[in-house]
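S.K.: got a predicted structure plus its sequence, pasted below:
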Amino acid sequence: MFVIGLTGGIGSGKSAVTALLGELGATVIDADKVGHQAYQPHTETWQAVVDAFGTDILQPNEEVDRRKLGAVVFSDPKELARLNSIMHPRMYTMLEVELNEMRESGVEVAVVEAAILIEAKWTPLVDEVWVTVADPEKVVERVKQRSNIPEEQILSRIKAQMPQEERIRHATVVVENNAGLDELRTKLQTLWDTRVKGKG
Ligand code: ATP
């Protein structure tokens with residue numbers, strides 16, 4: 001099985017590229033969803049998070065309240081590092097299990113879409129790292145259209161993330177996404193035909 005790790009900054013087109021790869025025949029894992037699963041009540045990861053942050057960060061149904069947890073960790077880098085040290089290795093294992101199941105069931109091409117693929121040190125799970133990049137003006141325009149977040153907030157999120165140049169340093173493939181969706185589709189078709197097809 002050939003495994004692509006897809007990452008990129010906020011609004012750079014990760015989901016768009018993942019959807020196109022799905023259309024071309026890849027089986028997709030969304031790391032966000034794996035994170036949500038890990039927060040389900042009474043899983044081992046849930047317990048570790050509760051042990052570290054207390055029951056105040058839970059919803060009445062005992063699921064982790066991501067907003068409350070976010071408020072704790074995003075105001076204090078030490079707390080964020082603590083949460084990451086709980087989540088990242090456990091999510092690595094969960095992703096590994098899921099990939100192994102896919103491998104055993106005969107999947108030929110898998111995509112792991114993960115905004116923090118590099119930061120969380122998940123790259124050993126993938127054969128190639130693909131990075132989506134778009135100019136900040138494009139990102140602002142697209143994210144605004146998607147969710148009405150104010151421009152300053154989008155720009156500060158871009159700044160808070162790993163710098164684009166650093167992400168590119170880890171990339172096997174850089175998918176530039178400044179043009180329209182038709183161009184992106186054509187680009188992905190070419191990448192599929194030249195780099196992916198037949199590798200599974
Ligand atoms: P995030 O990390 O914020 O979830 P992302 O990297 O997954 O973002 P997308 O959700 O794929 O990015 O793209 C951001 C927005 O821009 C979406 O609404 C998407 O439909 C739109 N978009 C992506 N690529 C293009 C494009 N080439 N042309 C026009 N719109 C695009």
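M.R.: Sure thing, it's come through.
S.K.: got the contact list for the residue most central in space within the chain?
M.R.: In the chain, the residue lying closest to the centroid (CA atoms, centre = their mean) is Ala114, at 1.6 Å. By CB atoms under 8 Å, 6 or more residues apart in numbering, the contact set of Ala114 is 5-7, 31-32, 120, 122. Any C-beta I mention is one placed from the backbone N, CA and C, and that applies to glycine too.
S.K.: show me what the lengthiest helix in the chain is packed against.
M.R.: Scanning the chain for the helix with the most residues, using DSSP state H, yields helix 77-104. If you count contacts as 3 or more CB pairs under 8 Å, 6 or more residues apart in numbering; DSSP states H and E, helix 77-104 packs onto strand 27-30, helix 31-38, helix 44-53, helix 66-73, strand 109-113.
S.K.: for the ligand, which of those is the nearest?
M.R.: Within the helices and strands packed on helix 77-104, the stretch nearest the ligand is strand 109-113; the backing value is 7.5 Å (CB to the nearest ligand atom).
S.K.: so which elements touch the closest one?
M.R.: Strand 109-113 packs on strand 2-8, helix 14-24, strand 27-30, helix 77-104, going by 3+ CB pairs under 8 Å, 6+ apart.
S.K.: the ones you listed: which one's closest to Gln59?
M.R.: Gln59 lies closest to helix 77-104 among the helices and strands packed on strand 109-113, at 17.0 Å (CB to CB).
S.K.: return the distance of that closest one from the chain's centre.
M.R.: In terms of CA atoms, centre = their mean, to the nearest Å, the centre of helix 77-104 is found 12 Å from the chain centre.
S.K.: what angle separates that helix from helix 31-38?
M.R.: Counting by axes from the mean of the first three to the mean of the last three CA atoms, to 10 degrees, helix 77-104 lies at 100 degrees to helix 31-38.
S.K.: for the helices and strands packed on helix 77-104, which one ends up most surrounded?
M.R.: strand 109-113 (a mean of 24; mean count of other CB atoms under 10 Å).
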